[in-house]
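Peer 1: Provide a 3D model corresponding to the input given below.
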Amino acid sequence: MAWRFQPSKFKNTTPKVPKKEETIFDLPIGTLSCTNNGIQSNQAFLAFCIEGEGGKLGVLPSDARGRRVRTEIDVVCAHGDQVDDFAFLPFEENKLVTCSRDDKVKVWTLSASSPAVLSGEVDIGSGRLLSALAPHSTASDIVAVASTSSVFIVDVARGETVGECSGVREKALSVSWSEDGKMLAASADKGRQGLFWDARASSSPVYEMELHSGMGREARCIYAGDKFVSSAFTNKRVQEVRVWDARKWETPLMVKEYTATTGVLIPQFDPDTKLLFLAGKGTNKIFLQELQQKQPVISDVYEMTVADQVLGFSLAPKRTVKPMDGEVARMYQLTKNSIVPIPCIVPRRSYRELHVDLFPDTRGPIAGCSGKAWLEGSDEMPERVSMTAGHGGPECPPPEPTPPPALRLATGAAPAPAAARPAPVAAPRASVEVEEPKELVYSGEKSTRTTTSATTITTVEPEQEAPKLRLTKQLSDEKADSTSLQKENVPAATPAVSSTSVAPTPTASAAAPTPSSRSLARAPSMPTTGTEVKLRVLARSDNDATPRLNQRVRPKSCVVGQVQSKYRHVETLAGVKAGAVFSNLRNVNTRLPTECNGAVASSKYVAVPLAGPAGVIMILDVDAPQKMPDGVVDGIYNKAGVTDLAWSPFDSSLLVVGTDQGLINVWRIAEKGEGEEEQPKRAELQPEQQLRLGGEKIVNVRWHPLAEGLLAVALSDGAVELWTISSSGSSRRARLHSHSSPVLSIAWSNDGSRLATVAKDLELHVWSPQTSTEALELRLEGAIESARGARVIFACDDSMIIVAGFTKSSGRQLLLYCTSSSALLFRHQLDNAVQPLVPYYDFDSSVLFLTGKGDQSIQMFEVCREAPFLLELSRFQGQPGHQSIAFHNKSICKVMEVEFARAWRLTEKTLEMLRFRVPRVKKDVFQSDLFPDALVTWESRMSADEWLAGAKTAPLFRSLRPAGVAALAIVAPSPAPKLAAARTTTSETTTTKNEPLTPAPIVIPAATPKEKEVMAAWSTKIEVGDGQLEQDRMEGVPEEEWKE
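Peer 2: Numbering: from 1, shown residues only. All right, here's what the predicted structure looks like:
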C-alpha cells in the first residue's frame, strides 16, 4: 500500500555549530545601528558593516578563517553617511552595490589582491533618501532601489535610472524581485503597506495591500518561489511572519508569531530546498523552517540558539556549499566581533557518495539576459548548473562495500525450543528491523583501508595525539517507527590489522576475546601507522545478554498484599539535626549549564562553584562546618566559565574542572601540614595539570569507577574522549564520536565496562570502550522526547539504564530501558518543571534519589528489576529551594545509626548536611538486611593503563559491619509443610479446601558462641523485676459501671 504523502528530505536539516578556529573573529564590528542585513556574501567575498564614522564596509575572502584585525581586512569607504543597504550583483562576483542617504548608488569592483575600486555611480536625484536595494534575479546590471516615496529601477552598467515605481506612502524598507524577474515587491510604511509592480508595464502598483498591523523600525519582504513572505511586527511588538500565495493576495496562507522584541526577523530563502531561514536581529535565535504546499505552510525544522547576539544574517550562494558533507545550505551570522559560518547538514547514512536527491540543479553564475534585453521584454532564465560538478571521477571516495542481507530480530523473549515453538504466524508491525553498521572515518585520512563495513576508532599512545574520530551518522529519508540494530558476520582480519583487531566469526563471536586482542592501548611492538581498531554496532544476542555484575537479591516487604521497600519509611535529617551547616555563603553560581549537576563532594571536601567570569570554586572542609566569614571568598580560580566538575573517587584531594574554553583544570587541594596553624590560601593555588581539548566546550567529566586516573570527557560537538591523568602527565587515549549534536549526559556502568551517552539528537548510545570489536553496543533513536535536558545512569547491577528527561509538554519523566535488549521497561512521569531531574543511584540499597535545581524536595524510589519497577519512599521536603545535592560515598555513613546515604544540600545562602536513615528499634546490632556487602567505590582496582590494555577485574565488595558488632539475625522461612491426606467424604474434602493454609513456621538459626556472649553481657545489665506487668497493678472499672 502506497503512502498518502511524501515526507520531505530536508525535515531533519540540522545546523552545525563551528569551532572557533572555523570562524572569523576579532573583527572591528561593534554595536551596529544599521537597518540592513549587516552582511552579504557571494562565491568569492564577504561584505559586512564595521564600526567607525561614515559608511564603511569590511570585505574579506569567503574562505577566510581565524583571527582578522582591522589591518587585515579591506575597508571600503563607501559613503559619507551611513550605508543603508548593500548587495553583490548575482552574476558578477566582484561587483558590490551600495546606497545611502547621500542619494547616490555606487558600484565597487573588488579584488583579492588590491583595495576596492569605485567603478560607477548613479545619481537618482536630490532629497530621495535611499533606504534599500535588490539586484535583479535573472538580468544583469539591473537593481531596484527604494526611497521615501518611490522605487527606482537602475541600470548600473549605463549609470542611469530606467524606471520609477510609485505608490509608496512612507519610506520603503525592503524590496524583492520574484524568481522569474517579472514582478517587484516592496514593504513600506513601517511594514504596514505592501506594493507589487510589473515594472516594465506600468509605474503604478498592480496590487496594494496591508501587510502588518504593528509599527516597527524595520521590515522585510522576499519572494519565496510561488509565495511571498513578509516579516514585521504586531501591534504588541511581537515578531510576525506572514505568507501569501503570489497569485492570490486576498488573505495570507499563514500568520505566525514569534518573540516580543525590538529586532526584526531577517528572512532568507533557498529555492532548491524550500527552506526558509529566519534570524532574529538583536536576539540569539535562528529558525529553520520549510515552506510546504499544504497546511501548515510553515513547517518547523530546527530552532537554533546561538551563543552571541545576531547583528546581521545572510545566506551563502548554493554553489559554495560542500555536497560531499551533506551540506545543503550555509548561513553567515554577524556578531559584534566575529562572522560565524554555520553549515546546515542533512543527516544521511553515509557521505562517501553524493546524494543527488539533496542537490538538484541550481541557478548558475550566468545571467539569463542583459539589462537592456530585459527592459525590451526578454524573460530568459539563467541556466541551471549541476551540483555534482567537481564531485565525481577518480577523486571521489570509493563506494561503500555492500553489506550482507540484514537479519531481522524479533522482539520479545529468547526463542523457545523447537519442540515447544508455536506455528509460524505473520510478524507484527512493530518488529525490529536491522540497520547497517555505522562507519567511523578519520578526518582527512588518505591511507588505504580494509574493505569492511565495520566502524573504526584509532588508538593512541600516551605521547601521541589522538586523530579526530567521526561517526558518519545514518538517517534514512523516511524513518520507520522501529528501532534498528545490526547483526552481521565480519570477514577475517587482514594480517596488517590482526595485531590490534579480532574479527569475530559466527561460531566464536560469543567467546570472550583475549585482553591483547580487545585492547584499546597499543603494545610497544605494535605498528604506529595505519593501525585501526574495528568497532561495530551490534545487536546483543541472548548468549551475551547476561549482565556483568552478579544479580543481587534485595529483600522486600509485603504489606497488605503489596510489595513494599524496606526503605519506605526513610528519615532524612537536615542541617542542625544532621550535625553540620555552612552558613553565610555568598555569590553561589545559580546559572550553571543545565548539563552540570552543580556542587560535588569527596570524603574530605565539598566544591561549590561561585558566580562570575573567573570560574571561582569554593572548597569547604566537611569536618569543619562554620559560618563563613565576610569578605573575599577563598577559592581556586579557573579563569573561565565552569561547565562541570568532579572529585576523583580514589583521591579525595584531586578535583577536575571543565570549562567553556575547552580546558580541563586538574587541581590538587593542599592540606594543612603539621605545625601549621592556618589553612593554605587556595586562591594562590595553580592547576596541577591542564588538559587542552581543542576549543570545544566541556559538557561532562566522569571518572572511571574502577580504574584510577581514567577520565571520560563529553564535548559539545557530540564526541566523548578518554584521558589518562597521573602524576607524570596526562594524555588523550581514545575519541568516540557517534552523536550528531551536543552530549547531554554520560555515565559509566558500575563495573566500568560500559559508557552510556544521551545527546540532543534524542539518541541513547551505549559503548564498550575497552572492547575493540563491540564498542558501540546500543544505539537507540528517540530515547528521549525533548532535547531540553537529560541524565543517564545504570541501575540494578547494570541490567537497567535509567534516563531522566522531559516530555514534549515540559513534564519530567523517568524512562527505564533494559541494557541487553534496549526495550523500554517502564515510563514514569513525575511533575512539570523547568530544570531537568538530577538522579543519584545508590548501588547497595538500589535507592534512586531525584531532584532538580530550584526544587524544595527530594523524591526517592527503590528500583527493582520487575514490576512495579519503582517503589516509592518517603520524600524529603525542605526550605528554601536548593541549587544542587552532592552525595558522599558509602564509606562515611554511620551504619550503626542505620544511615545508608549522606549528602550536602546547597542553597543560595547555606550548605547543610543530609543524612538518610531507616527507623529501626534495635540499633545496637548491625542491620544486615539493609546493609549488604557494599560496592567499594573509594578504592581503585587497577590503573588506567591496565584497563586500556584489556585487564578484567571484578568490582570489590566489602561488609560495612564494624568490628565486634553482632549482626541482625536473618529470618529464614522453611519449606511449606505438606498437606494432610484427602478426607474420604465429599463434605470433608470441601471443608479442607476452604480452610486457610497454615503459614510456614519462622526458623531463627541457633546463636553462635559470639552471639551468646553478647546476650549474656546484656543480660547482666538488664534489671529483672518480679514478673508482674504494670497494668496488672492498676485498678479496673467495676462491672456495674459497664452495665450502666
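
Peer 1: mean confidence score for the longest helix along the chain?
Peer 2: Using DSSP state H, we find that the single longest helix of the chain is helix 1009-1021. The average pLDDT within helix 1009-1021 is 75.

Peer 1: List the buried residues in it.
Peer 2: For helix 1009-1021, the neighbour count (16 or more other CB atoms under 10 Å) marks residue 1014 as buried. Backbone N, C-alpha and C define where each C-beta goes, glycine included.

Peer 1: Now tell me what touches that helix from outside.
Peer 2: If you take CB atoms under 8 Å, 6 or more residues apart in numbering as the criterion, helix 1009-1021 is touched by 966, 1007.

Peer 1: where exactly do the helices run in the chain?
Peer 2: Taking DSSP H as the test, the helices found in the chain are 371-375, 944-948, 986-994, 1009-1021, 1039-1043.

Peer 1: show me what contacts residue 595?
Peer 2: 643, 644, 699, 700, 743, 744, 745, 789.

Peer 1: Could you check the pLDDT of the closest residue to the third one other than its chain neighbours?
Peer 2: Taking CB to CB, 6 or more residues apart in numbering, and ignoring the residues beside it in sequence, residue 699 has residue 714 as its nearest neighbour in space, at 4.3 Å. The predicted local distance difference test score for residue 714 is 94.

Peer 1: ok, residue 178 touching residue 246?
Peer 2: Yes. Using CB atoms under 8 Å, residue 178 is in contact with residue 246, at 7.0 Å.

Peer 1: Common neighbours of the two, please.
Peer 2: With CB under 8 Å, 6+ apart as the test, residue 178 and residue 246 both reach residue 223.

Peer 1: my guess is residue 736 contacts residue 775, does it?
Peer 2: Yes. Using CB under 8 Å, residue 736 is in contact with residue 775, at 7.1 Å.

Peer 1: Compare the two (neighbour count), which wins?
Peer 2: residue 775 (27 against 24; other CB atoms under 10 Å).

Peer 1: I figured the more buried one was touching residue 768, is that so?
Peer 2: Yes. In this structure, residue 775 is within contact of residue 768 by CB under 8 Å, at 5.7 Å.

Peer 1: Show me the shaky parts of the stretch 151-300 of the chain.
Peer 2: Applying pLDDT under 70 to the stretch 151-300 of the chain flags no residue at all.

Peer 1: just the strands in it please.
Peer 2: Ranges of strands within the stretch 151-300 of the chain are 151-155, 160-165, 172-177, 184-188, 193-197, 207-210, 220-224, 227-233, 238-245, 254-260, 265-270, 275-280, 285-291, 298-305, based on DSSP state E, counting those that start in this stretch.

Peer 1: Now mean neighbour count and distance to residue 79 too, for the ones you listed, in a markdown table please.
Peer 2: As requested, the strands of the stretch 151-300 of the chain are exported to a markdown table (neighbours: other CB atoms under 10 Å; distance: least, CB to CB, whole Å):
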| stretch | mean neighbour count | distance to residue 79 |
| --- | --- | --- |
| strand 151-155 | 24 | 16 |
| strand 160-165 | 17 | 18 |
| strand 172-177 | 26 | 18 |
| strand 184-188 | 27 | 22 |
| strand 193-197 | 23 | 26 |
| strand 207-210 | 13 | 31 |
| strand 220-224 | 23 | 22 |
| strand 227-233 | 26 | 26 |
| strand 238-245 | 20 | 30 |
| strand 254-260 | 15 | 33 |
| strand 265-270 | 23 | 22 |
| strand 275-280 | 24 | 25 |
| strand 285-291 | 21 | 29 |
| strand 298-305 | 16 | 33 |
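
Peer 1: in the stretch 551-700 of the chain, which ranges drop under the pLDDT threshold?
Peer 2: In the stretch 551-700 of the chain (pLDDT under 70), the answer is 551-562, 673-675, 677.

Peer 1: Next, the buried residues of stretch 325-339.
Peer 2: Quick answer for stretch 325-339 (16+ other CB under 10 Å): 326, 327, 328, 329, 330, 331, 332, 333, 334, 335, 338, 339.

Peer 1: Out of those, which is nearest to residue 573?
Peer 2: residue 335 (50.5 Å; CB to CB).

Peer 1: The residue lying closest to the closest one once chain neighbours are set aside: how many residues sit nearby?
Peer 2: Once flanking residues are discounted, residue 335 sits nearest to residue 308: 3.9 Å by CB to CB, 6+ apart. Look at residue 308: counted by other CB under 10 Å, it has 13 neighbours.

Peer 1: Residue 336 is in contact with residue 308, correct?
Peer 2: Yes. Between residue 308 and residue 336 there is a contact under CB under 8 Å: 7.1 Å.

Peer 1: Residues that sit against both of the two, list them.
Peer 2: By CB under 8 Å, 6+ apart, no residue touches both residue 308 and residue 336.
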